[in-house]
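Trainee: Got a predicted model here, sequence first, then my questions.
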Number of protein chains: 4
Amino acid sequence: MAEKGQRGDLDLHEPADEQAHDAMQECIEECLNCHAVCTITLQHCLATGGEHAEVNLVGVLLDCADICQTSANFMLRGSPYHVVTCGACAELCRACEEACRSVAGDEQLAHCADVCATCAEVCDRMAQMGSEE
Amino acid sequence: MAEKGQRGDLDLHEPADEQAHDAMQECIEECLNCHAVCTITLQHCLATGGEHAEVNLVGVLLDCADICQTSANFMLRGSPYHVVTCGACAELCRACEEACRSVAGDEQLAHCADVCATCAEVCDRMAQMGSEE
Amino acid sequence: MAEKGQRGDLDLHEPADEQAHDAMQECIEECLNCHAVCTITLQHCLATGGEHAEVNLVGVLLDCADICQTSANFMLRGSPYHVVTCGACAELCRACEEACRSVAGDEQLAHCADVCATCAEVCDRMAQMGSEE
Amino acid sequence: MAEKGQRGDLDLHEPADEQAHDAMQECIEECLNCHAVCTITLQHCLATGGEHAEVNLVGVLLDCADICQTSANFMLRGSPYHVVTCGACAELCRACEEACRSVAGDEQLAHCADVCATCAEVCDRMAQMGSEE
């Protein structure tokens, strides 16, 4: 369980397990990248207007950017509770991917959907890895 | 399920259901308060030093402050995904409460533990309310 | 100058000067309130659509909410650098007030403009108080 | 002045001026990197304890991480007010660099100081570029 984890035990900081360390590094990078891409896409949507500025799309882009940032910060701090935030992050990334795909013919949204899909997958793996400990 | 929710349907903004609206208002206030109290407590712990500045205690105070802020922001934006972040927030609040109670004889930590306990309870209720919809 | 300040010296935590302590409390509350009101207003603008969802208005609401949160966090942590963030916060609050006032006949935007104006004033005072030390 | 800038005019999104676009990209990357390094360093300091967990050092690492994140977000959103946050960010990076250098013989702190120095320089340039427009 996550609750029993100690910050001092974390692989990121004492990489007894090289593989787990690499997995966390990858997850941090995906979350930071997804945060950046969602924020740029949000700006693109607002600038484009019309259905792009629709409240549910803009809203889920904000949500996804927010939780990606939080999730990355938990991992950067070596928090044993990254399992909780990675799980939440995976859910939001999937929701954001779906919303981005619902608007056809927009390259930026298609790119954002792909980034969200990758981030969801990596976060899911991280959440499962943590809860097996 | 949260995923089907529409921002336009949210009680916070069109309070068809007065009770749900009040519950969300209360949850926002508890999260914002818990964020503030954890941040002040963190500063108190660092200033006190010794076991107060221990990495697991300071770490969980940072974690709890972070997710409380994120959770409050989801609700302020009327996000249907507040169910996800309220659930994560409740977990962190309980972990933070436990860590605060583990250091005896400190008024600020005792106060922080109480605030976390209340926030955990309110967030849990909000997460369950949302997932029943 | 802010740079010389010590966290241990801060009035918030050792209120030798009751007046400075109250001023900081007020500033924290104004920043937290302004963050919340800007975030709710943002959601209102996106839900309303049209000129309300215009990129410059939504953008400055996001900017203002962001820096208000950062500014509040600096003060909650008793940071001597709150002078820097309060100064930045005052600038954004004034810009956000102006953007809100540019759309006529909307109660939420009028309320947000008033909240931003108050927050700008209080932050400006706090920034000047700090830089005189 | 920043206040007159329009989000639609921003070089990041319509790169009439290739050089300004590259400068902003670089600044975003430096801010995101500095945020990550400060957060990892903070964790390192807490885990090490002693003078590393001292309130002023940990505090300024939190401050610097916070404002770097805010500054990056302003630029990712293409905000004309990035001038304000880049200016604030440069100040905090310099303060954080100084605090890191004050503890001798620690590789992580030396690395963090270097990252902060670079970020301060790039942010300063960005702040000046913006205010000349």
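Mentor: Great, that's in hand. Numbers count the residues shown, from 1 in each chain, chains lettered A, B, ... in the order given.
Trainee: Which helix or strand contains residue A:79?
Mentor: Using DSSP states H and E, residue A:79 maps to neither a helix nor a strand.
Trainee: need the residues of chain A near chain D, please.
Mentor: A:7-8, A:13, A:28, A:32, A:36, A:39-40, A:42-44, A:46-47, A:69, A:72-73, A:76-78 (C-beta under 8 Å from any C-beta of the partner chain). Using the backbone N, CA and C atoms, a C-beta is placed for each residue, glycine as well.
Trainee: If we use 6 Å, what do you get?
Mentor: Taking C-beta under 6 Å from any C-beta of the partner chain, the part of chain A that reaches chain D is made up of A:36, A:39-40, A:43, A:76-78.
Trainee: What is the nearest of those residues to residue D:64?
Mentor: When the residues of chain A next to chain D are compared for distance to residue D:64 (C-beta to C-beta), residue A:76 comes out closest, at 13.4 Å.
Trainee: what's near enough to touch the residue nearest to the closest one when sequence neighbours are not counted?
Mentor: Using C-beta to C-beta, 6 or more residues apart in numbering or on different chains and skipping the chain neighbours, the partner closest in space to residue A:76 is residue D:39 (4.1 Å). With contact set as C-beta atoms under 6 Å, 6 or more residues apart in numbering or on different chains, residue D:39 has these partners: A:76-77, D:65.
Trainee: Now do the helix or strand where residue D:39 lies and helix B:18-48, the angle between them.
Mentor: Following DSSP H and E, the helix or strand that holds residue D:39 is helix D:18-48. Here helix D:18-48 runs at 70 degrees with respect to helix B:18-48, directions being taken by axes from the mean of the first three to the mean of the last three C-alpha atoms, to 10 degrees.
Trainee: for helix D:18-48, what is the average pLDDT?
Mentor: For helix D:18-48, the per-residue pLDDT values average out at 94.
Trainee: could you point out which element follows it?
Mentor: Once the chain leaves helix D:18-48, the next helix or strand it forms, by DSSP H and E, is helix D:55-76.
Trainee: From residue A:43, how far out is the residue nearest to residue A:34 when sequence neighbours are not counted?
Mentor: Nearest in space to residue A:34, with sequence neighbours left out and distances taken as C-beta to C-beta, 6+ apart, is residue A:119 at 3.9 Å. Noted for residue A:119: a distance of 19 Å to residue A:43, by C-beta to C-beta, to the nearest Å.
Trainee: Isn't residue A:101 up against residue A:113?
Mentor: Yes: under the criterion of C-beta atoms under 6 Å, residue A:101 lies in contact with residue A:113, with a separation of 4.9 Å.
Trainee: Between those two, point out the one with more neighbours.
Mentor: Neighbours of residue A:101 and residue A:113, each counted by other C-beta atoms under 10 Å in any protein chain shown, are more numerous for residue A:113; the result is 22 against 15.
Trainee: For the more buried one, give me its contacts.
Mentor: Going by C-beta under 6 Å, 6+ apart, the list of residues near residue A:113 reads A:97, A:100-101.
Trainee: go with 8 Å
Mentor: Residues counted as contacts of residue A:113 (C-beta atoms under 8 Å, 6 or more residues apart in numbering or on different chains) are A:96-97, A:100-101.
Trainee: Would you mark the buried spots in whichever strand or helix holds it?
Mentor: Assigned by DSSP H and E, residue A:113 belongs to helix A:107-132. Within helix A:107-132, the residues that qualify as buried are A:108-109, A:112-113, A:115-120, A:122-124, A:126-127, A:129-130, counting by 16 or more other C-beta atoms under 10 Å in any protein chain shown.
Trainee: Between helix A:18-48 and that helix, find me the angle.
Mentor: Using the same axes, to 10 degrees, the direction of helix A:107-132 lies 150 degrees away from that of helix A:18-48.
Trainee: how distant is helix A:107-132 from the center of its chain?
Mentor: Relative to the chain's own centre, helix A:107-132 is displaced by 6 Å; criterion: C-alpha atoms, centre = their mean, to the nearest Å.
Trainee: cool, stretch A:17-31 as well?
Mentor: Between the centre of stretch A:17-31 and the centre of its chain there are 13 Å (C-alpha atoms, centre = their mean).
Trainee: Pick the one among the contacts of residue D:39 closest to chain C.
Mentor: Out of the contacts of residue D:39, the one with the shortest distance to chain C is residue D:65. That distance is 10.6 Å, counting by C-beta to the nearest C-beta.
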